[in-house]
Each structure stands twice: as structure tokens, then as C-alpha cells.
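Enquirer: Sequence and predicted model, in that order:
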Amino acid sequence: MERTVAAAQPPDFQYSPGNIQGPGCPVDPSEVTLPGCLCRSVSCLAESCSCLQTHGRAYDGAGTLLQLGTTHSGYSLPVFECNALCTCSDACSNRVVQRGLRLRLEVYSTQNRGWGVRTLEPIPRGTFVCEYAGEVISFEEARRRQLAQRPEDNNYIIGLREHAGTESTTETFVDPAVVGNVGRFLNHSCQPNLLMQPVRVHSVVPRLALFAGRSIEAQEELTFDYSGRHSNRAPGELLSTQTGAAMQASGTHGLQRKECCCGADGCARFLPLDLSILH
């Protein structure tokens, strides 16, 4: 997830509001594969909605994410929204990420970190901001693309690892380099104002949703921690605190770590690099 100095125009890419099926992905993310509830109310109630009874309530009545950050176990709680098979209203409070981008955001050229994204309006804490969308690819394809990158290339691949129990792990790799949305322009920060939360809507394939981790003022740049350390510790489980020399000693397959320019107190000095993809 490195950024280079911005050119006069943003790079060409195919815009897609959500994930699409990429090489090696066995499931089409747009296919509805989750069961729906039979609620007839405008907004689902926990005592009668099968979705909420099975997965728990993720949002309050205003669509604000209730669980921000990590639980005592270090991982965030899973989020399941009502989906296309549910009979509840489109205004149901358990439908948030699926409604898409609703805020006024601007892609702009930063001083020293290439392209970035800032908000043109205040964003309350817990508000859904945007999705990090792209091609959903296999581990093997993610590894192939990572190894094929040149030093000057941007690395957009996010690896999400969700843990269910002691031995069950689900991996999802998203690459918005060629197909993506505004999330591809978000910069890294060691003290970000956005948190990443996997959200399942119609499909078992999670969406990488970004929520405001605190109240954000208008004109602030929007950032998230590429390592996932400020969300559920799962995206990539990246190693972002080692020095360049230590990384070379552990083996990076010739990939060069790039300097972090976020300017935060306690900056890790280098952008995260997911070494697990390379082995």
C-alpha cells in the first residue's frame, strides 16, 4: 500500500462501487448467498429479526457503528447487514454499507504523499465513510502480483484474515489497482481517523468498510492504518514496526520498504508490508 508522488492527473482505473470477482476468487462477490429475514417493519427489531438474532445488532438507529476498535480478544465483532433477500424496508437501520458512499469527499494532491482523500463535511464518530473495493483475488494471485511489482509501483493489495475460533481462518485479498473506488486513494497513517471493519451484506465475501474512528472535521485528510492494528488486527496482520535492516534480514524477496510520511507521533517509519503473501 505504498504511494508515490502525485502526477498532474489521477491514474487511470475502472471505477466500481463494490468488489468484483478477480483471478482465483471462487465466489462472485455480487452473488446473493446469505439468507434473508422475513421482517415486515420499516426497521428490523432485535427480538424478531433472524439477521439480528443470529449476528447481533451492529448499528444504532441512525446507522452508526456500535462496536469501534477491538474487543478484549483483540478482534472486532463480525457485522452482517440485512440483504437483498430480506423483506424489511430499504430504510432498515441494519442496511448501511450497502447504501454506498453518502459523504462529500475529494481526491486531491497532497504535499508529499501523492494522491489523498479529504472530507468536505464533518463526519461523526462511527459513521460509514467508504468501502475499500476492488478485485477479490486468491492468495496465489496476490503473491504473483506483489512479486511482479517494480519499486516505483504502488501496492494496493489488502489481505484480510478473519479468525473464528482457534483454528479457523478466512482470507480475503482485495486489489483496487485496476478496478476500484475512492478507497484506493486513501493514505496510510500510524494514527488514522478511519477504522476498517469487514462487513457482509449479500455475500459471504466481506466488504472492507471504513468507519470514522473519531469525529472528523471538514477538510481533514482521511487515513487508515494499512496494517489493521487500529481495527481488528486482522487485515494483513502486517509487520509495520520493524526497521528496514531487520526486514532485509528476514527476507522480503527483493521488495523495498517505503518510508512512512504520515508525520504522526510514534510513526513506525516504514509503510506496512505483508510478508505473509510472499512466502
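Expert: Now that the structure is in, tell me what you want to look at.
Enquirer: CA only for contacts and neighbour counts going forward, please
Expert: Will do.
Enquirer: ok, now how distant is residue 138 from residue 160?
Expert: As judged by CA to CA, to the nearest Å, residue 138 and residue 160 stand 12 Å apart.
Enquirer: my bad, should have said residue 147
Expert: 19 Å.
Enquirer: who's more crowded, the two?
Expert: residue 160 (24 against 15; other CA atoms under 10 Å).
Enquirer: quick one, helices of the protein?
Expert: 50-55, 139-148, 244-250 (DSSP state H).
Enquirer: which one of the ones you listed has the lowest average pLDDT?
Expert: Out of the helices of the chain, helix 244-250 stands lowest, with a mean of 34 (criterion: mean pLDDT).
Enquirer: end to end, how far does stretch 109-121 reach?
Expert: 18 Å.
Enquirer: For it, buried residues please.
Expert: Residues 109, 113-119 are the ones in stretch 109-121 that count as buried (16 or more other CA atoms under 10 Å).
Enquirer: Restricted to strands, list these.
Expert: 109, 115-119 (DSSP state E).
Enquirer: circling back: save the buried residues of stretch 109-121 as TSV, and put in pLDDT and distance to residue 134 too.
Expert: What follows is the buried residues of stretch 109-121, written out as TSV (pLDDT from 0 to 100; distance: CA to CA, whole Å):
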residue	pLDDT	distance to residue 134
109	93	22
113	85	21
114	88	20
115	93	18
116	95	17
117	97	17
118	97	20
119	98	21
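Enquirer: Tell me the one among the ones in strands among the buried residues of stretch 109-121 nearest to residue 39.
Expert: residue 119 (35.5 Å; CA to CA).
Enquirer: With residue 196 as the reference, measure out to the residue nearest the centre of the chain.
Expert: By CA atoms, centre = their mean, the chain has its centre lying nearest to residue 208, at 3.4 Å. Residue 208 is 6 Å from residue 196, where distance means CA to CA.
Enquirer: Likewise for residue 49?
Expert: 26 Å.
Enquirer: Next: residue 115.
Expert: Distance from residue 115 to residue 196, by CA to CA: 20 Å.
Enquirer: What of residue 21?
Expert: Counting by CA to CA, the gap from residue 21 to residue 196 is 21 Å.
Enquirer: Neighbour count: these two, which is higher?
Expert: Set residue 21 next to residue 196 and count neighbours by other CA under 10 Å: residue 196 wins out with 30 against 17.
Enquirer: Please work out how many residues are found near the nearest residue to the more buried one once chain neighbours are set aside.
Expert: Take residue 196 and drop its neighbours on the chain: the residue closest to it by CA to CA, 6 or more residues apart in numbering is residue 210, 4.5 Å away. Neighbour count of residue 210, defined by other CA under 10 Å: 25.
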